[in-house]
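# Pasting the sequence and the predicted model now:
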Amino acid sequence: MQNKFLQVLILLIFLMSVSSSAIAQWLKLDSGTDLWLRGVDFINPSTGIVVGYDGTILHTLDGGDTWIPRDSGTDLDLLGVQYADPEVIYVTGALGIVLKSMDAGLTWSIVKEGGAVTHECFFLNRDLGYIAGEGGQVFKTINGGADWERLPVGVAGKVALHFVDEEIGYFVGLGNQDAILKTSNGGFTFESINTFGYEEYSSVFFTNLTDGYVVNIGGRRIMKTEDEGENWFNVMPNTGARMYDVTFANEDFGQAIGGFPDRSVILRTEDAGESWFQEDSTVSDPLFDSEMISEDYGFAVGMNGTILRRGNLATSLDALVVTEVGLYPNPASDFINLSYSGNELLSYEVLHISGQQMQVGEFETRAQIGISALPSGLYFVRFTNGKQKLSIRFEKLAY
């Protein structure tokens with residue numbers, strides 16, 4: 001009897017250890033630098049870019065296990081990065097610099113320089129994009145950075161931005177009512193929608209056309225809107241630390257990160273911001289930017305060369321199918337081809353970037369979808385085999 005009890009006890013301990021190890025935890029990765037890292041973006045679970053001070057650009061092709069330094073061609077501090085598509089990437093930084101890569105991050109060239117600090121960029125495709133900076137330095141390009149048009153946002157600094165489609169976007173920074181600005185016509189005009197008085201916002205993210213989030217530094221709060229920015233309310237009134245970034249994997253799962261001066265904070269929600277709980281970052285360095293690739297897989301970067309990863313590539317649900325699914329051509333105007341190298345039926349749905357479902361279907365190895373009737377703009381094809389999911393973004397060109 002005692003032996004049987006001991007066997008059961010050992011089995012329970014083993015199952016508990018397996019269960020706890022299966023839960024995604026934050027792991028500090030070897031970045032190879034102790035410089036401050038300020039921006040991170042991934043195009044798929046394995047491939048991403050991190051940028052930081054003194055012109056630092058780090059490139060990973062294996063989910064962060066190794067980081068390859070790339071020559072940025074500058075020693076200016078780099079603050080923001082975004083993939084426009086798998087080949088074209090933009091980076092922003094000090095003195096108004098904007099870098100561009102046309103070969104998936106291998107080489108870089110300067111497409112804009114001069115002026116105030118440029119904090120962040122947001123590109124809807126490889127040609128159409130916006131940058132936000134100090135002193136009202138907000139610009140738009142429609143030709144991949146060859147030309148830049150300054151937008152009428154006043155003189156207040158803007159440090160973050162997010163667009164839900166080609167027309168509707170949000171800019172945040174330091175100010176009163178203009179601490180949150182909204183454009184509904186691609187930057188031609190702006191309206192002030194901050195209702196909290198004088199604030200210093202550091203990040204904005206929308207999960208669909210109506211629902212969005214902002215975080216601030218001084219008030220240490222997380223706010224949410226459910227009506228396209230008309231009204232905002234606290235969903236986390238006191239985070240206990242300065243907050244620098246908020247991002248979501250989907251409408252429910254999101255995270256907000258921050259810290260300072262000698263602590264890091266990671267807050268997580270799994271119910272669209274209704275509740276938040278703190279996760280152990282395993283480090284004391286403040287965190288400045290983060291990326292959620294799926295509900296349980298993502299990255300965060302911060303002071304002293306800090307790169308954190310939640311989960312790992314081998315167990316990421318998306319990673320199991322990302323190399324098996326194809327979509328081409330991209331951009332496209334008439335049709336897109338879907339391919340799958342698995343041995344099961346794959347379901348798909350075509351979604352507008354606003355979240356509206358446009359088409360649904362199933363296929364086994366190959367399918368061709370007509371898209372000529374869709375309005376031009378950004379879309380996602382969401383694939384699932386019943387267990388795993390993967391979304392691929394594509395651009396619909398004018399037919």
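In hand now; what should we look at? Numbers count the residues shown, from 1 in each chain.
# mind showing which ranges of the stretch 251-399 of the chain have poor pLDDT?
313-323, 353-355, 399 (pLDDT under 70).
# now the helices: where do they sit in it?
Taking DSSP state H, counting those that start in this stretch as the test, the helices found in the stretch 251-399 of the chain are 319-322.
# what residues are up against Ile222?
With contact taken as CB atoms under 8 Å, 6 or more residues apart in numbering, Ile222 is in contact with 213-215, 234-236, 239, 243, 246, 256, 267, 273, 276. Using the backbone N, CA and C atoms, a C-beta is placed for each residue, glycine as well.
# right, I mislabeled it, should have said Gly218
By CB under 8 Å, 6+ apart, the neighbours of Gly218 are 199-200, 242.
# mind running it again at 10 Å?
174, 198-202, 242-243 (CB atoms under 10 Å, 6 or more residues apart in numbering).
# returning to that earlier point: want to throw the contacts of Ile222 into a markdown table with distance to Asn312?
Output for the contacts of Ile222, formatted as a markdown table (distance: CB to CB, whole Å):
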| residue | distance to Asn312 |
| --- | --- |
| Tyr213 | 27 |
| Val214 | 31 |
| Val215 | 27 |
| Asn234 | 34 |
| Val235 | 29 |
| Met236 | 28 |
| Thr239 | 27 |
| Met243 | 26 |
| Val246 | 23 |
| Ala256 | 22 |
| Leu267 | 22 |
| Gly273 | 26 |
| Trp276 | 24 |
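# top of these by neighbour count?
Among the contacts of Ile222, the one with the most neighbours (other CB atoms under 10 Å) is Ala256, at 31 neighbours.
# Might one say that it is in contact with Thr247?
Yes. Contact criterion CB atoms under 10 Å: Ala256 and Thr247 qualify, at 8.0 Å.
# picking that back up, pLDDT for the contacts of Gly218 - can I get that in TSV?
What follows is the contacts of Gly218, written out as TSV (pLDDT from 0 to 100):
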residue	pLDDT
Leu174	87
Tyr198	85
Glu199	87
Glu200	90
Tyr201	94
Ser202	95
Arg242	92
Met243	94
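# PyMOL command for the buried members of the residues you listed?
The following PyMOL line selects those of those that are buried, judged by 16 or more other CB atoms under 10 Å:
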select buried, resi 174+199+200+201+202+242+243
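# Just the ones of the contacts of Gly218 in strands?
174, 199-202, 242-243 (DSSP state E).
# Closest one of the residues you listed to Phe299?
Met243 (17.2 Å; CB to CB).
# With Met223 as the reference, measure out to that closest one.
Per CB to CB, to the nearest Å, Met243 is found 10 Å from Met223.
# Give me the common contacts of those two.
Here Met243 and Met223 have 201, 214-216, 236 as joint contacts, going by CB under 10 Å, 6+ apart.
# May I see the residues you listed organised as JSON lines, with secondary structure and distance to Pro69 added?
What follows is the shared contacts of Met243 and Met223, written out as JSON lines (DSSP: H, G, I helix; E, B strand; the rest coil; distance: CB to CB, whole Å):
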{"residue": "Tyr201", "secondary structure": "strand", "distance to Pro69": "32"}
{"residue": "Val214", "secondary structure": "strand", "distance to Pro69": "33"}
{"residue": "Val215", "secondary structure": "strand", "distance to Pro69": "30"}
{"residue": "Asn216", "secondary structure": "strand", "distance to Pro69": "33"}
{"residue": "Met236", "secondary structure": "strand", "distance to Pro69": "36"}
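# Out of these, which is nearest to Glu362?
The closest of the shared contacts of Met243 and Met223 to Glu362 turns out to be Val214 (CB to CB; 39.1 Å).
# for the closest one, which residues make a bridge with it?
Counting by DSSP bridges, Val214 is bridged to Val204, Met223.
# Would you mind listing the residues in contact with it?
Neighbouring residues of Val214 by CB under 10 Å, 6+ apart: 160, 162, 170, 172, 179-180, 194, 196, 199, 201-206, 221-225, 229, 232, 243, 246, 256.
# Okay, helices next: where are they in the stretch 1-150 of the chain?
2-22.
# Can you pull the poorly scored residue ranges out of it?
Counting by pLDDT under 70, the stretch 1-150 of the chain contains low-confidence residues at 1-24.
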